[in-house]
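Novice: predicted model and sequence below, questions to follow.
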Amino acid sequence: MSTLLTVENLSKTYVLGGGWFGPARELAALTDINLTVEAGETLAIVGESGCGKTTLGRCIIQAQKVSKGTVTYHPKAGGDVELTSLNKRQIKPWRQDIRMIFQDPMSSLNPNMRVFDIVAEPLRIHKICKGRELEERVISTLEKVGIPAEAVGRYPHAFSGGQRQRIGIARALVLDPKLVIADEAVSALDVSIQAQVLNLLEDLKAEFGLTYIFISHDLGVVNYIADRVVVMYLGHVVENAPTEMLFERPRHPYTELLLEALPIADPLRRKGRKTEVRGEIPYLGNRPVGCPFHTRCKYAQDRCRTEKPALRPINGTAQEAACHFAETLDLKGAYEDAPAKEFA
Amino acid sequence: MAVDTMTPVQAKARAIVPAKRESQFGLMWRRFRQHRLALVSLWVVAAFYLVAVLAEFLAPTDPSAYSARYTYAPPQGIQLIATEPDGSWSFQLHVNGYKTEIDPVALRRTFVIDPEERIPVQFFVPSKPYLLAGFIPMSVKLMGVTEPRAPFYVLGADRLGRDLLSRLIHGTRISLSIGLAGVTLSLFFGIIIGGFAGFYGGWFDTAVMRVVEFIRSMPTIPLWLGLAAAMPKDWSALQTYFAITLILSLIGWTELARVVRGRFLSLRTEDFVTAAQLDGASDWRIITRHMVPSFMSHIIAAATLAIPGMILAETALSFLGLGLQAPIVSWGTLLQDAQNIRTLATAPWLLTPGICVVVIILSMNFFGDGLRDAADPHGR
């Protein structure tokens, strides 16, 4: 597997206020993010609301300027492209390779455009094809995502949420991209529709040889679709591990907390389990010194309050965590609940 | 699968244009039609603008043709039935002539309708050649009298014996077009300035909004008066007309700029705009193809609601003698003739332009309200 995308030391700082009156305040949404995306994998980015996962997605795709650091794209043809240093005109050709699927299927489709035009828009902007060829390409893409050709003349309001999300997926895929960033792509959908759309994404990945960055807060969905998971907390990457390893044996207390909060469908197995979530996620503008998680961590020591842990491989495996005690802590995974058989 | 003689592509291509699809304007029109008052107002407004366009054809006489014999002649009223002295009657469109009487007390000459004298009125009477709307040569009027010297004052005559109806019709053209031109100009500045402010934000936005607030905090009448007074006296009628339009839109653009800016601001964060940006679309394409269509209906409604203000402002300025000047006929200049009580007592029909102002302003407002409600899918 070759590396498709590298994010190095990426930081994003928002400046708040700073009008004519009053001083400006800085709010660090992302701090020193490092990650790589391998070609063909599905990388999930998870975390609570406000942890910066959406901002990270938007910085990768250059919907927002980064404050520091680089995002480098490695096309198959060779030659590295540093996306962060390109201007609007220079980045345009690479927009074909990196595409985005949005969270809210209600607002991500222009209500004044017909479905055909919505999906054709990227082809027209990049002047890839026109006339009969354009029609064919748009319609075949729409059919691949399950929108029948008869419906392409309709406006988005005529479709249900799941169908709209399919249209959004078609818009992303019509340019034949390499990397697709799905920002909470199924969060706004009903559970049954979620499964359909997830399966569709899996199928399309196999068919087009796609790579996904899958941004989600839903660990169940992530477990289903992702090959690797990046856990974010307060603008930091706290753990980065293959999905199975992470669910089996998390190495960061925050990951354990997230896994504990996973709902379990079986009431017998759920019995006796007590999820302990302490405290609120701190305000970004008032970030704790030391480990960002120490205010809520039940294993926190004095060292955690002063020294910030770096993200490092644990015991030489592919699992990386940013915790001083990652090797020694015995953290519970998702599958470690009491076996249900004694109640049978 | 059924046997299909078309190739799959042809079948799909055919499906691209389905039988029924409803655009946003289609939906808007459907909602608008449910608003009765607005619908009626639309027809009233349309009728007024039709009058403005066809002014030369509809006006029975030249608006500046005067007649010393018929100063302050009262409205004649068009009669349908002609009764002969022997009691028989027939349909004949006509007006009655005037008799003059001397008021024995005031020793003033007054006009009395003379039922004996019948002046036949005809449709499509030949007239002196003229240019309809400035470019279509015609030599026929909708209505008129065939006898050349006979009086024809359906709405009465003014101080110089000019036909009020003809003047009113020509005044409609000036007053309504100044409203439209003013709003068009305001819309132009409003969309460009407000659009820039809303789309790019930042210091330009802040600066523009402060300027808008400054302009809007100034009392308008003194400002207009000052600007209008600063106009050179020797400007031609056309120059004055455009200068007044410019003065009116100097205030008018601020409101529209605010509306446009607000729309841009709210749309800028919409996902479909981000999607267009990520498609690699240019700013121009994003604005014209993705943003403007989604608020065009709101802009139209806002513009419609701005027209009556323009018309009122022009009327007020001209009424005060600082807007359009005498040879130009507008509702404002017509109302100038009705400024003193004495003329009002002897010739109350000179107030007719005021009725026109009220009717058009009300209709425009109802029409604009209806449009605004129809354009807002979340309303009611």
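Specialist: Good, I have the coordinates.
Novice: can you confirm whether the helix or strand where B:Gly171 lies lies near chain A?
Specialist: For B:Gly171, the host element (DSSP states H and E) is helix B:164-200. No: Helix B:164-200 is not in contact with chain A by C-beta under 8 Å from any C-beta of the partner chain; minimum separation 13.4 Å. For glycine as for every other residue, the C-beta is placed from the backbone atoms N, C-alpha and C.
Novice: isn't A:Asp218 right up against A:Ser187?
Specialist: Yes: A:Asp218 lies in contact with A:Ser187 (C-beta atoms under 8 Å); the separation is 6.6 Å.
Novice: how near is B:Asp114 to chain A?
Specialist: Computed as C-beta to the nearest C-beta, to the nearest Å, the B:Asp114 to chain A distance reads 64 Å.
Novice: tell me the pLDDT of A:Gly285.
Specialist: Looking at A:Gly285, its pLDDT reads 67.
Novice: now do the helices in the stretch 251-380 of chain B.
Specialist: Remark: helices assigned in the stretch 251-380 of chain B by DSSP state H, counting those that start in this stretch are B:271-278, B:283-285, B:292-319, B:331-336, B:341-346, B:352-375.
Novice: same list (those helices) but as TSV, adding distance to B:Ala46 and mean pLDDT.
Specialist: Output for these, formatted as TSV (distance: least, C-beta to C-beta, whole Å; pLDDT from 0 to 100):
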stretch	distance to B:Ala46	mean pLDDT
helix B:271-278	35	88
helix B:283-285	34	87
helix B:292-319	12	82
helix B:331-336	18	83
helix B:341-346	32	79
helix B:352-375	9	86
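Novice: JSON lines for those, including mean neighbour count?
Specialist: Converted to JSON lines, the helices of the stretch 251-380 of chain B look like this (neighbours: other C-beta atoms under 10 Å in any protein chain shown):
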{"stretch": "helix B:271-278", "mean neighbour count": "23"}
{"stretch": "helix B:283-285", "mean neighbour count": "12"}
{"stretch": "helix B:292-319", "mean neighbour count": "21"}
{"stretch": "helix B:331-336", "mean neighbour count": "25"}
{"stretch": "helix B:341-346", "mean neighbour count": "11"}
{"stretch": "helix B:352-375", "mean neighbour count": "20"}
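Novice: picking that back up, how about the helix holding B:Gly171: buried residues?
Specialist: Neighbour counts over helix B:164-200 (16 or more other C-beta atoms under 10 Å in any protein chain shown) mark B:164-183, B:185-187, B:189-191, B:193-199 as buried.
Novice: do the same with stretch B:73-87
Specialist: B:73-76, B:79.
Novice: could those residues go into TSV alongside secondary structure and distance to chain A?
Specialist: Below are the buried residues of stretch B:73-87 laid out as TSV (DSSP: H, G, I helix; E, B strand; the rest coil; distance: C-beta to the nearest C-beta, whole Å):
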residue	secondary structure	distance to chain A
B:Ala73	coil	57
B:Pro74	coil	56
B:Pro75	coil	51
B:Gln76	coil	54
B:Gln79	strand	56
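Novice: could I have the strand or helix carrying B:Val140 exported to PDB, CA atoms only?
Specialist: Counting by DSSP H and E, the element that carries B:Val140 is strand B:136-145. C-alpha atoms of strand B:136-145 as PDB (Å, rounded to 0.1, in the frame of the first residue of the first chain):
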ATOM      1  CA  ILE B 136     -43.800  53.500 -33.100                       C
ATOM      2  CA  PRO B 137     -45.200  56.000 -35.600                       C
ATOM      3  CA  MET B 138     -49.000  56.200 -35.300                       C
ATOM      4  CA  SER B 139     -51.700  58.700 -36.200                       C
ATOM      5  CA  VAL B 140     -54.700  57.400 -34.300                       C
ATOM      6  CA  LYS B 141     -55.900  57.900 -30.700                       C
ATOM      7  CA  LEU B 142     -57.900  55.500 -28.600                       C
ATOM      8  CA  MET B 143     -60.700  58.000 -28.000                       C
ATOM      9  CA  GLY B 144     -61.500  61.500 -29.000                       C
ATOM     10  CA  VAL B 145     -63.900  64.000 -30.600                       C
END
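Novice: next, the angle helix B:164-200 makes with that strand.
Specialist: Relative orientation of strand B:136-145 versus helix B:164-200 (axes from the mean of the first three to the mean of the last three C-alpha atoms, to 10 degrees): 140 degrees.
Novice: strand B:136-145 pairs with which strands?
Specialist: The strands beside strand B:136-145 in its sheet (DSSP bridges) come out as strand B:109-132 (antiparallel).
Novice: for the strand it pairs with, which positions count as buried?
Specialist: B:111, B:113, B:119, B:121, B:127, B:130.
Novice: mind checking what secondary structure A:Asn34 has?
Specialist: What DSSP: H, G, I helix; E, B strand; the rest coil gives for A:Asn34 is strand.
Novice: helices of chain A, start to end?
Specialist: Using DSSP state H, the helices found in chain A span residues A:53-60, A:88-91, A:115-125, A:131-144, A:161-173, A:191-208, A:219-225, A:243-248, A:253-260, A:267-270, A:302-306.
Novice: so which bits of stretch B:135-143 are buried?
Specialist: Those would be B:141, B:143, for stretch B:135-143 by 16+ other C-beta under 10 Å.
Novice: run through who's touching it.
Specialist: With contacts defined as C-beta atoms under 8 Å, 6 or more residues apart in numbering or on different chains, stretch B:135-143 is touched by B:56-60, B:121-132.
Novice: span of stretch B:343-351 from start to end?
Specialist: One end of stretch B:343-351 sits 10 Å from the other (C-alpha to C-alpha, to the nearest Å).
Novice: how about stretch A:234-247?
Specialist: 21 Å.
Novice: and it, what's buried?
Specialist: For stretch A:234-247, burial by neighbour count (16+ other C-beta under 10 Å) applies to A:234-243, A:245-247.
Novice: pLDDT averaged over that stretch, what's the number?
Specialist: Rounded mean pLDDT across stretch A:234-247 is 90.
Novice: so how far is it from its chain's centroid?
Specialist: 12 Å (C-alpha atoms, centre = their mean, to the nearest Å).
Novice: and the stretch 151-300 of chain A, which residues reach chain B?
Specialist: Proximity of the stretch 151-300 of chain A to chain B is confined to A:152-155, A:168, A:171 under the rule C-beta under 8 Å from any C-beta.
Novice: contacts for stretch B:112-131?
Specialist: Defining contact as C-beta under 8 Å, 6+ apart, one finds that stretch B:112-131 is touched by B:56, B:74, B:76-79, B:82, B:92-101, B:137-147, B:150-152.
Novice: could I get the CA-only coordinates of that stretch as CSV?
Specialist: The C-alpha coordinates for stretch B:112-131 follow below in CSV (Å, rounded to 0.1, in the frame of the first residue of the first chain):
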residue,chain,number,x,y,z
VAL,B,112,-72.2,74.8,-16.8
ILE,B,113,-72.7,71.6,-18.7
ASP,B,114,-75.0,72.2,-21.6
PRO,B,115,-77.2,69.2,-22.2
GLU,B,116,-78.4,70.6,-25.5
GLU,B,117,-75.0,70.4,-27.1
ARG,B,118,-73.8,67.0,-28.0
ILE,B,119,-70.3,66.3,-29.1
PRO,B,120,-69.9,62.8,-30.4
VAL,B,121,-67.1,60.8,-29.1
GLN,B,122,-65.5,58.0,-31.1
PHE,B,123,-62.9,55.3,-30.7
PHE,B,124,-59.8,55.3,-32.8
VAL,B,125,-60.1,58.8,-34.0
PRO,B,126,-57.4,60.0,-36.5
SER,B,127,-55.0,62.5,-35.0
LYS,B,128,-51.8,64.3,-35.8
PRO,B,129,-49.0,61.8,-36.3
TYR,B,130,-47.0,60.9,-33.2
LEU,B,131,-44.5,58.3,-32.0
